[in-house]
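Trainee: Have a look at this fold, sequence not included:
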């Protein structure tokens, strides 16, 4: 059996070979929009050639590949295939619940105060129905479970949190939060976009009722192709929305007009799919699964631990929680006395991609980032401050 170090390095090398962006950039912006993988790019290229040269004569094969994407998504989260819906983005997945529950005036939804807007506005929009959105304070992304529990009561219908905070990189204990939600007979919804594909997840053992994630971040797919998980129990509590010709059991029989909805999560896929996007997403999902998500996680945490050490030697202040299971691929930091937007602009000019959030710099490293990338980041930060490399 290979050692942990050897296994991590093997994962890094295999994924790096599949990431064309590594030839051009030290890329640390996967928490925003990631470059697509080589296999995803190949699928897009093949689809474009087929669509332009052969039209819909290839449609049945595309539909088969679409099914393979759904199977890979189910494997990724430990769900049954019937519990997976292919959705255009995280927002669409969250709205399956926000618009699908039978809300009553006086109900409430509990979320966190540092959520990305995608996990806030769908709930705030329910105010017109008398539904209250309760936002629990966090400390650098950390959730006080006792305080979370205090915000829940007998009228709490949903507890909705991000697995990983987009600004701080703090990874949350999903099972502990699920226990609080279920104690109050509420659904537990997870915005998984900042952790899915790079940290192992089993929706059943984590107590997750519903989940949404777009594929354009850590899953290394194109924008406009994401997944939603809706447990069988959750499906039974939601009214269908976005109903269309593909929502029914007999979707391929256009002459039969009967509202016989699919009993699966696929009933939410009412119209035509983003075929190219979902086929490309499937290629990236299979790539990540072939590496072993636990190996991907190990490589990311090893790299970001090292990155924090190196950044601190440059005078950076690390703002992300970096203890044990709180760690993620996101590291938020400050360079005291320097404007983060100017630092980012300089880094981009040096071939280093990173971002700014909440007045801080943010790197988000994937498993293929290596020592060479880290050295480029260091050199860019040093040159910005006018010191010798």
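Mentor: Sure, I can see it. Since the structure is predicted, the reported quantities are computational estimates derived from the model, not experimental observations.
Trainee: give me the low-pLDDT residue ranges for this structure?
Mentor: Where the chain drops to pLDDT under 70, the residues are 1-3, 387-389.
Trainee: Which residue lies nearest the spatial centre of it?
Mentor: By C-alpha atoms, centre = their mean, the chain has its centre lying nearest to residue 193, at 1.3 Å.
Trainee: Report the contact partners of that residue.
Mentor: Counting by C-beta atoms under 8 Å, 6 or more residues apart in numbering, residue 193 makes contact with 90, 116, 162, 212-214, 217-218, 226. Where C-beta positions appear, they are placed from N, C-alpha and C, glycine not excepted.
Trainee: So which of these is the closest to residue 15?
Mentor: Of all those, residue 15 sits closest to residue 218, with 11.6 Å by C-beta to C-beta.
Trainee: that's a helix at that closest one, yeah?
Mentor: No - counting by DSSP: H, G, I helix; E, B strand; the rest coil, one finds residue 218 to be coil, located in no helix.
Trainee: Now do the strands in the stretch 51-200 of the chain.
Mentor: Using DSSP state E, counting those that start in this stretch, the strands found in the stretch 51-200 of the chain span residues 84-87, 108-112, 132-136, 138-139, 142-143, 156-162, 187-191.
Trainee: Dump those into a markdown table; add mean neighbour count and distance to residue 64 as well.
Mentor: A markdown table is the format used below for the strands of the stretch 51-200 of the chain (neighbours: other C-beta atoms under 10 Å; distance: least, C-beta to C-beta, whole Å):
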| stretch | mean neighbour count | distance to residue 64 |
| --- | --- | --- |
| strand 84-87 | 25 | 14 |
| strand 108-112 | 24 | 38 |
| strand 132-136 | 18 | 42 |
| strand 138-139 | 16 | 44 |
| strand 142-143 | 18 | 42 |
| strand 156-162 | 24 | 34 |
| strand 187-191 | 27 | 30 |
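Trainee: Please convert those strands to JSON lines, extending it with distance to residue 101.
Mentor: Compiled in JSON lines, the strands of the stretch 51-200 of the chain are given as follows (distance: least, C-beta to C-beta, whole Å):
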{"stretch": "strand 84-87", "distance to residue 101": "16"}
{"stretch": "strand 108-112", "distance to residue 101": "9"}
{"stretch": "strand 132-136", "distance to residue 101": "14"}
{"stretch": "strand 138-139", "distance to residue 101": "25"}
{"stretch": "strand 142-143", "distance to residue 101": "23"}
{"stretch": "strand 156-162", "distance to residue 101": "6"}
{"stretch": "strand 187-191", "distance to residue 101": "8"}
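Trainee: what about those strands, which gets the closest to residue 266?
Mentor: Using C-beta to C-beta, the nearest of the strands of the stretch 51-200 of the chain to residue 266 is strand 84-87, at 6.2 Å.
Trainee: neighbouring strands for the closest one, and are they parallel or not?
Mentor: According to DSSP bridges, strand 84-87 has the following sheet partners: strand 226-230 (antiparallel).
Trainee: tilt between the strand it pairs with and strand 187-191?
Mentor: Relative orientation of strand 226-230 versus strand 187-191 (axes from the mean of the first three to the mean of the last three C-alpha atoms, to 10 degrees): 170 degrees.
Trainee: got a list of what residue 167 touches?
Mentor: Shown in contact with residue 167 (C-beta under 8 Å, 6+ apart): 114, 141, 332, 357-358, 360, 362.
Trainee: From residue 243, how far out is the residue in the chain sticking out farthest from the centre?
Mentor: Ranking residues of the chain by C-alpha distance from their mean position (C-alpha atoms, centre = their mean) puts residue 255 at the top, at 38.9 Å. To residue 243, residue 255 is 18 Å away according to C-beta to C-beta, to the nearest Å.
Trainee: List phi and psi for the closest residue to the residue nearest to the centre of the chain other than its chain neighbours.
Mentor: Sequence neighbours aside, residue 213 is the residue nearest to residue 193 in space, at 4.3 Å (criterion: C-beta to C-beta, 6 or more residues apart in numbering). In terms of degrees, to the nearest 10, the main-chain angles of residue 213 are phi -160, psi 130.
Trainee: Show me the beta-bridge partners of residue 213.
Mentor: residue 227.
Trainee: do you know how far it is from residue 264?
Mentor: As for residue 213, its distance to residue 264 is 19 Å (criterion: C-beta to C-beta).
Trainee: the more surrounded of these two?
Mentor: With neighbours defined as other C-beta atoms under 10 Å, residue 213 and residue 264 compare such that residue 213 has more, 29 against 19.
Trainee: residue contacts, that one?
Mentor: Contacts of residue 213 by C-beta under 8 Å, 6+ apart are 90, 93, 191-193, 196, 219, 226-228.
Trainee: Surely residue 137 and residue 113 touch.
Mentor: Yes - counting by C-beta atoms under 8 Å, residue 137 does reach residue 113; the two are 5.2 Å apart.
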